[in-house]
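1. After the sequence you'll find the predicted model.
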Amino acid sequence: MHSVLAAPPARPVEGVALTVVIVIFVAVAVLGFVAARWRRAPSAAGLKSLDEWGLGGRGFGSWVTWFLLGGDLYTAYTFIAVPAAMWATGAVSGFFAVPYTVVLYPIVFLLMGRLWSVSHRHGFVTPADFVGGRYGSRALSLVVAVTGIVATMPYIALQLVGIKAVLTVLGIGGGGNPFVQDLPLIIAFVVLAAYTYTAGLRAPALIAVVKDLLIYLAVIVAIIYLPIHFGGFDSIFAAAGKKLATPNPVTGLPAGAVIPGAQSFNAYWTLALGSAMALFMYPHSITGVLATKSRNTIRRNAVVLPLYTLMLGFLCLLGFVAIKAGTKPIDVNGAVNPQLVVPQLFLDSFPSWFAGIALAAIAVGALVPAAIMSIAASNLFTRNVYRDFFRPDADAASQARVSKLVSLLVKFGALIFVIGMDQSSAINLQLLGGIWILQTFPAIVAGLYTRWFDRWALVAGWAVGIVYGTIAAYSVVNPVTHAHFGGSIAPAPLFGTPVYIGITAFVLNAIVAVLLTLLLRALHVTPGADVTMPSDYGADEHDPKVGAIEARASRAQPPVTQPPV
């Protein structure tokens, strides 16, 4: 028993589970460094181009891509936050992740093959590269790049939140000395930074195989064993319904619902649709797509990746299982922290050695997307800020060096953010990031099918969507903490129906882009130069017009026909 002290009692260190986590983490770190020589072309003189360092040589096949995209999209924070939302408020804020990923893959099937083809033909490394080439506008390319970088930063920070949750339940996330408290997290990210710098995208691609196998093992065992142990799903759903129907002592309203009520339908479906539209606008998702060796690789993965959605559905249910189990997610300050629900459930319900495997899967699950996100953000900076505006003559080796350094700075910034700010700030910024990144959808997706939109109309639409989305999100106040940015649902203008803010901002964005394009065309404003051709959008890896990747990367410069900003 813990003694009663003025400060909250320290959590006991879970020795066996901690040992298993450390052993798996060390093995994964070694694998990350070994990846520097994995699947590297004999002619590649080191990872001295963004194609080699940032896109893994653009040669990943179906199996590697399946693990890479799965590890990239289903992050550590997914495995922490989704069941935590189910535990705290039910299906409205938790289970929407399942229909959202169901909607997602038809979007991937239709859009990402075309993006791969045109990027393969022209050596585009980032979505902003494509936008700049398609519309002949460095201004539009810049806003897409900056949006991608800013939206990705809090996403990286949330991966650290996942690691922090694991460390907390293992008993090493507390302590009075702030440096000692955060030292394990610092060590984990130093190792991440080192092998990402050394091996580039190959490291998370190889580690993703280990991470996904561990996650599947943990979830399959849990979803079979725990319902049997706790009396079946009838008992589990009954316990969840009882807890969620209990009024919140602050608001007086029920905590949530097992099934969304009629008043939540519009919020539910718009949140699912908007999230699906936004996910593959994130630069890390597109990086995984452009690293594949063919457009058919992407289409095959769009067919089989829904297996992760099935696993995600089971994972959601662990939040309800934790309610039935009476899991108490108490952090080092003695407060209830829903983010600890799943790690604590595994520690309470399984032998320490198996709990260690499950917790290691979550921790490793943070390293994979964090690495890909930092690579994607650094590629955006290098190609669409550094090269386009400061060093137009930068060769492939120079771009790779800058991107490696920026990737270190991005990870360091995320680490400082998590250590220096409270967790709610990272969550709020990530919610904003989803709203912001959705505003790049018109420029990227419309550009894959038509050149009708004017570049300045798209910039104006983006600006309207960003401003509206930010103001609307700020106006949402958490009823418990009374803090701004308290959610991503707000009444739609004119209609008053609560919907996802990102969808409303997207609609305003699209309306402005259409109307302003009509006006600019009526005024005969000259459009920017388009460097692509219709045949580019169907190119595959066997296209004889596609030159060697290294040759393209070494001479890839901003089109000379582009006007200044």
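-> Received the coordinates, thanks. Numbers count the residues shown, from 1 in each chain.
2. Strands of the stretch 401-550 of the chain, residue ranges please.
-> Taking DSSP state E, counting those that start in this stretch to define them, one finds strands in the stretch 401-550 of the chain at 489-491, 498-500.
3. Quick check: which ranges of the stretch 451-565 of the chain have low pLDDT?
-> For the stretch 451-565 of the chain, applying pLDDT under 70 flags the ranges 480, 541-565.
4. How about the stretch 251-400 of the chain?
-> 251-252.
5. hey, where'd the helices end up in the stretch 251-400 of the chain?
-> Taking DSSP state H, counting those that start in this stretch to define them, one finds helices in the stretch 251-400 of the chain at 265-279, 283-290, 295-304, 306-325, 341-349, 352-381, 396-420.
6. okay, the angle between the fourth one and helix 341-349?
-> Looking back up the chat, that one is helix 306-325. 60 degrees (axes from the mean of the first three to the mean of the last three CA atoms, to 10 degrees).
7. Go through helix 306-325 and flag the buried ones.
-> For helix 306-325, the neighbour count (16 or more other CB atoms under 10 Å) marks 308-309, 311-313, 315-325 as buried. Using the backbone N, CA and C atoms, a C-beta is placed for each residue, glycine as well.
8. Name the nearest of the residues you listed relative to Ala335.
-> Ala322 (16.9 Å; CB to CB).
9. Against Val191, how distant is that closest one?
-> 30 Å (CB to CB, to the nearest Å).
10. Next: Ala291.
-> Distance of Ala291 to Val191, computed by CB to CB: 22 Å.
11. More neighbours: these two, which one.
-> Neighbours per residue (other CB atoms under 10 Å) separate Ala291 from Val191, with Ala291 holding more: 28 against 18.
12. separation between that one and Val64?
-> Counting by CB to CB, the gap from Ala291 to Val64 is 9 Å.
13. what is in contact with these two at once?
-> Shared contacts of Ala291 and Val64 (CB atoms under 8 Å, 6 or more residues apart in numbering): Ala205.
14. hang on, the earlier thing: of the strands of the stretch 401-550 of the chain, which stretch is the most buried?
-> Comparing the strands of the stretch 401-550 of the chain by mean neighbour count (mean count of other CB atoms under 10 Å), strand 498-500 ranks first with a mean of 23.
15. and it, how far out from the chain's middle?
-> Computed by CA atoms, centre = their mean, to the nearest Å, the separation of strand 498-500 from the middle of its chain amounts to 22 Å.
16. Also stretch 357-377?
-> Here the centre of stretch 357-377 is set off from its chain's centre by 10 Å, with CA atoms, centre = their mean.
17. just stretch 420-439 next, same as before
-> That offset, for stretch 420-439, works out to 11 Å (CA atoms, centre = their mean).
18. which residues make contact with it from outside it?
-> 147-148, 150-155, 157-158, 161, 164, 274-275, 277-278, 281-282, 339, 417-418, 461-462, 465-466, 469-470, 473, 481, 483, 485-488, 501-503, 505-506, 509.
19. tell me which residues of it are tucked away?
-> Buried, per 16+ other CB under 10 Å, within stretch 420-439: 423, 425-439.
20. Now do it, average pLDDT.
-> The average pLDDT within stretch 420-439 is 79.
21. export that stretch as PDB, just CAs?
-> The C-alpha coordinates for stretch 420-439 follow below in PDB (Å, rounded to 0.1, in the frame of the first residue of the first chain):
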ATOM      1  CA  GLY A 420       6.900  22.300 -22.100                       C
ATOM      2  CA  MET A 421       3.100  22.400 -22.800                       C
ATOM      3  CA  ASP A 422       0.200  20.500 -21.500                       C
ATOM      4  CA  GLN A 423      -1.300  17.700 -23.400                       C
ATOM      5  CA  SER A 424      -4.600  19.500 -24.200                       C
ATOM      6  CA  SER A 425      -2.600  22.000 -26.200                       C
ATOM      7  CA  ALA A 426      -1.300  19.300 -28.500                       C
ATOM      8  CA  ILE A 427      -4.700  17.800 -28.900                       C
ATOM      9  CA  ASN A 428      -6.300  21.200 -29.700                       C
ATOM     10  CA  LEU A 429      -3.700  22.000 -32.300                       C
ATOM     11  CA  GLN A 430      -4.100  18.600 -33.900                       C
ATOM     12  CA  LEU A 431      -7.800  19.200 -34.200                       C
ATOM     13  CA  LEU A 432      -7.000  22.500 -35.900                       C
ATOM     14  CA  GLY A 433      -4.500  20.700 -38.100                       C
ATOM     15  CA  GLY A 434      -7.200  18.500 -39.500                       C
ATOM     16  CA  ILE A 435      -9.300  21.600 -40.300                       C
ATOM     17  CA  TRP A 436      -6.400  23.400 -41.900                       C
ATOM     18  CA  ILE A 437      -5.100  20.500 -44.000                       C
ATOM     19  CA  LEU A 438      -8.600  19.900 -45.500                       C
ATOM     20  CA  GLN A 439      -8.300  23.400 -47.100                       C
END
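22. circling back: of the contacts of stretch 420-439, which belong to helices?
-> Residues of the contacts of stretch 420-439 located in helices (DSSP state H): 147-148, 150-155, 157-158, 161, 164, 274-275, 277-278, 417-418, 461-462, 465-466, 469-470, 473, 501-503, 505-506, 509.
23. Select only the buried ones of those in PyMOL?
-> Remark: buried members of the ones in helices among the contacts of stretch 420-439, expressed as a PyMOL selection using 16+ other CB under 10 Å:
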select buried, resi 147+148+150+151+152+153+154+155+157+158+161+164+274+275+277+278+417+418+461+462+465+466+469+470+473+501+502+503+505+506+509
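24. how about the strands of the stretch 51-200 of the chain, start to end?
-> For the stretch 51-200 of the chain, applying DSSP E, counting those that start in this stretch gives no strands.
25. Could you list the low-pLDDT ranges of it?
-> Looking along the stretch 51-200 of the chain with the criterion set at pLDDT under 70, you get 173-181.
26. related to what we said a few turns ago, so which of the buried residues of helix 306-325 is the closest to Ala255?
-> Checking those against Ala255 by CB to CB gives Ile323 as the nearest, at 10.5 Å.
27. Might you report the residue contacts of Leu142?
-> By CB under 8 Å, 6+ apart, the neighbours of Leu142 are Ala128, Asn384, Val385, Asp388, Phe389, Val565.
28. no, scratch that, I was asking about Thr327
-> Residues near Thr327 by CB under 8 Å, 6+ apart: Trp87, Val341, Gln344, Leu345, Asp348.
29. list the contacts for the third one?
-> Gln344 makes contact with Val169, Ala322, Thr327, Lys328, Pro329 under the criterion CB under 8 Å, 6+ apart.
30. so how far is Phe389 from the second one?
-> So that's Ala322. 50 Å.
31. Just give me how far stretch 264-278 sits from the chain centre.
-> Average the C-alpha atoms of stretch 264-278, do the same for its chain, and the two points are 17 Å apart (CA atoms, centre = their mean).
32. okay, it in PDB with CA atoms only?
-> What follows is stretch 264-278, C-alpha atoms only, in PDB (Å, rounded to 0.1, in the frame of the first residue of the first chain):
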ATOM      1  CA  SER A 264     -25.500  13.900 -33.300                       C
ATOM      2  CA  PHE A 265     -26.100  12.400 -36.800                       C
ATOM      3  CA  ASN A 266     -24.900  15.400 -38.800                       C
ATOM      4  CA  ALA A 267     -21.900  16.000 -36.600                       C
ATOM      5  CA  TYR A 268     -21.100  12.300 -36.800                       C
ATOM      6  CA  TRP A 269     -21.200  11.900 -40.600                       C
ATOM      7  CA  THR A 270     -19.600  15.200 -41.400                       C
ATOM      8  CA  LEU A 271     -16.700  14.400 -39.000                       C
ATOM      9  CA  ALA A 272     -16.200  11.000 -40.600                       C
ATOM     10  CA  LEU A 273     -16.400  12.400 -44.200                       C
ATOM     11  CA  GLY A 274     -14.200  15.400 -43.400                       C
ATOM     12  CA  SER A 275     -11.600  13.300 -41.700                       C
ATOM     13  CA  ALA A 276     -11.500  10.900 -44.600                       C
ATOM     14  CA  MET A 277     -11.000  13.700 -47.100                       C
ATOM     15  CA  ALA A 278      -8.300  15.300 -45.000                       C
END
